[in-house]
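Asker: could you work out the structure for the sequence below:
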Amino acid sequence: MTFEWVSLILGVLFIFALVALFWRIAKKGTSGRAKVAIVDLFELDVELTSEDREQAAESIEQVAAERGKPAGIEEVKREIEGIQSVKPVRVLWVDDFPDNNVREVIALEHLGCFVTAATSTRSAERYLDNIDFSVVITDLGRAGNPQAGVELAASVRQRSPNIAVIAYTFDAEANKHLVADGFAIVADAPAELISAILKRRDR
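Answerer: I've put the predicted structure just below:
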């Protein structure tokens, strides 16, 4: 066999090797990935990792300590530990100071919730008119209006009575009467808030 033939065969083998290598890289890069329409995403079961559960529980513990509201911590930690998979849900959180809720949002995100923040009733209503939410969390007073949360709850009921509206405040006991105004619950403890959302996930 001449040198030219050897070179030709080696060249062909080299090209085949390159093609095979690129094919394996492309296959590896796309394996395990699925294209899902946003509308279908909320019908899928999403597996929670142990890290997700641990970080959710840790965030709730931290904010409960900051707020001085430890009620229900052990119960919700046991509830979280028992979760293996979830269906994602959309949560609309309305508060003119969203930075106050960062740890609660972190916990919810680790538990399969997609949290959208709004700082006013007007922006909340725009979201509600265009996106399907399962839960709305609201503070009670905003921008000098102590009835802002109650007015939002009425607006949500008018748009979609199936959406659970949760009031999250610093003094739930003083505002328990607001359940009669359309709130699913009035909560001031982070564990109570998270547990209420978990219980409404499949409704």
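
Asker: give me the number of residues near Lys87?
Answerer: Lys87: 14 surrounding residues under other CB atoms under 10 Å. C-beta: built from backbone N, CA, C; applies to glycine.

Asker: thinking it is in contact with Leu198, fair?
Answerer: No: in this structure Lys87 lies outside contact range of Leu198 using CB atoms under 8 Å: 11.6 Å.

Asker: any weak-confidence spans in this protein?
Answerer: 1-34, 202-203 (pLDDT under 70).

Asker: show me how it divides into domains.
Answerer: 1-33, 38-199 (automatic domain parsing).

Asker: the protein: helices as residue ranges?
Answerer: Secondary structure of the chain by DSSP state H: the helices cover 3-30, 38-41, 50-67, 73-81, 102-110, 121-130, 148-159, 190-199.

Asker: so can I have JSON lines of those helices showing mean neighbour count?
Answerer: Putting the helices of the chain into JSON lines (neighbours: other CB atoms under 10 Å) gives the following:
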{"stretch": "helix 3-30", "mean neighbour count": "10"}
{"stretch": "helix 38-41", "mean neighbour count": "9"}
{"stretch": "helix 50-67", "mean neighbour count": "17"}
{"stretch": "helix 73-81", "mean neighbour count": "16"}
{"stretch": "helix 102-110", "mean neighbour count": "20"}
{"stretch": "helix 121-130", "mean neighbour count": "15"}
{"stretch": "helix 148-159", "mean neighbour count": "18"}
{"stretch": "helix 190-199", "mean neighbour count": "22"}
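
Asker: just checking, Val63 touches Glu104?
Answerer: Yes: counting by CB under 8 Å, Glu104 is a contact partner of Val63 at 5.8 Å.

Asker: identify the contacts common to these two.
Answerer: Each of Pro190 lies in contact with both Val63 and Glu104 under the rule CB atoms under 8 Å, 6 or more residues apart in numbering.

Asker: and the closest residue to Val86 other than its chain neighbours, backbone torsions?
Answerer: Excluding the flanking residues, the one nearest Val86 by CB to CB, 6 or more residues apart in numbering is Gly112, at 3.9 Å. The phi/psi pair for Gly112 (degrees, to the nearest 10) reads phi 90, psi 20.

Asker: give the contact list for Gly112.
Answerer: Shown in contact with Gly112 (CB under 8 Å, 6+ apart): 46, 48, 86-89.

Asker: distance check, it against Ala37.
Answerer: Here Gly112 is placed at a distance of 18 Å from Ala37 (CB to CB, to the nearest Å).

Asker: what does Val156 give?
Answerer: Going from Val156 to Ala37 by CB to CB gives 26 Å.
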